[in-house]
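Trainee: For reference, the sequence and a predicted model appear below.
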Amino acid sequence: MKITSVQSMLLAGIFFAMMNVSVKFIPHIPAIEIVWFRSVFSLIFTFVVLRNKAISVFGNNKASLIIRGIVGSISLILFFYTLQRIPLASAVTMQYLSPIFTTLLGIFILKEKVRPIQFLYFAMAFAGVLIIQGVDPG
């Protein structure tokens, strides 16, 4: 049975939601420990897939891969820490704002060009978050 793209996206959304709820239910385990266990399983799965496809595990640009790993680990630790400390909806909503912050950092750090219409879309996305989430003073 072949899974379609839409089915894959729906499954991913369900599994990420389950992961977020699971992290919320275990506040007594430090976020860094949860990230470590999650990363071990991810490493094993990724290693097997890369070996089966005969792709180098270390990639073509080791420095970028190491930086991405460090930044990704810090990001995941902070997200899980946030999940454990504030309401689930607020933490997930903040996470979904990351494309806006990524774009802004890209403009200032990498000097990327962003079309003016994209700022309208960012404003609409942010307004949508405020409407759904409301302003949470916590």
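Mentor: Done, it's in. No experiment lies behind these values; they were computed from the predicted model shown.
Trainee: For the lowest-mean-pLDDT helix or strand in the chain, name the packing helices and strands.
Mentor: Ranked by mean pLDDT, DSSP states H and E, the weakest helix or strand in the chain is helix 88-95, scoring a mean of 80. Helix 88-95 sits against helix 5-25, helix 62-85, helix 116-133, with contacts defined as 3 or more C-beta pairs under 8 Å, 6 or more residues apart in numbering; DSSP states H and E. To be clear about C-beta, it is placed using only N, CA and C from the backbone, and glycine gets the same treatment.
Trainee: most tightly surrounded among those?
Mentor: helix 62-85 (a mean of 14; mean count of other C-beta atoms under 10 Å).
Trainee: circling back to that earlier point, mind giving me a markdown table with the helices and strands packed on helix 88-95 and columns for mean pLDDT?
Mentor: Compiled in a markdown table, the helices and strands packed on helix 88-95 are given as follows (pLDDT from 0 to 100):
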| stretch | mean pLDDT |
| --- | --- |
| helix 5-25 | 91 |
| helix 62-85 | 90 |
| helix 116-133 | 83 |
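Trainee: For residue 32, find the nearest of those helices.
Mentor: Counting by C-beta to C-beta, residue 32 lies closest to helix 62-85 out of the helices and strands packed on helix 88-95; the figure is 5.3 Å.
Trainee: which residues sit against stretch 58-74?
Mentor: 35, 39 (C-beta atoms under 8 Å, 6 or more residues apart in numbering).
Trainee: that older thread, can I get the helices and strands packed on helix 88-95 in CSV with distance to residue 105?
Mentor: Formatted as CSV, those follow (distance: least, C-beta to C-beta, whole Å):
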stretch, distance to residue 105
helix 5-25, 23
helix 62-85, 11
helix 116-133, 13
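Trainee: Nearest approach to residue 109 belongs to which of the ones you listed?
Mentor: helix 62-85 (12.5 Å).
Trainee: now the closest one and helix 88-95, what's the angle there?
Mentor: 150 degrees (axes from the mean of the first three to the mean of the last three C-alpha atoms, to 10 degrees).
Trainee: What's the first helix or strand after the least confident helix or strand of the chain?
Mentor: helix 98-109 (DSSP states H and E).
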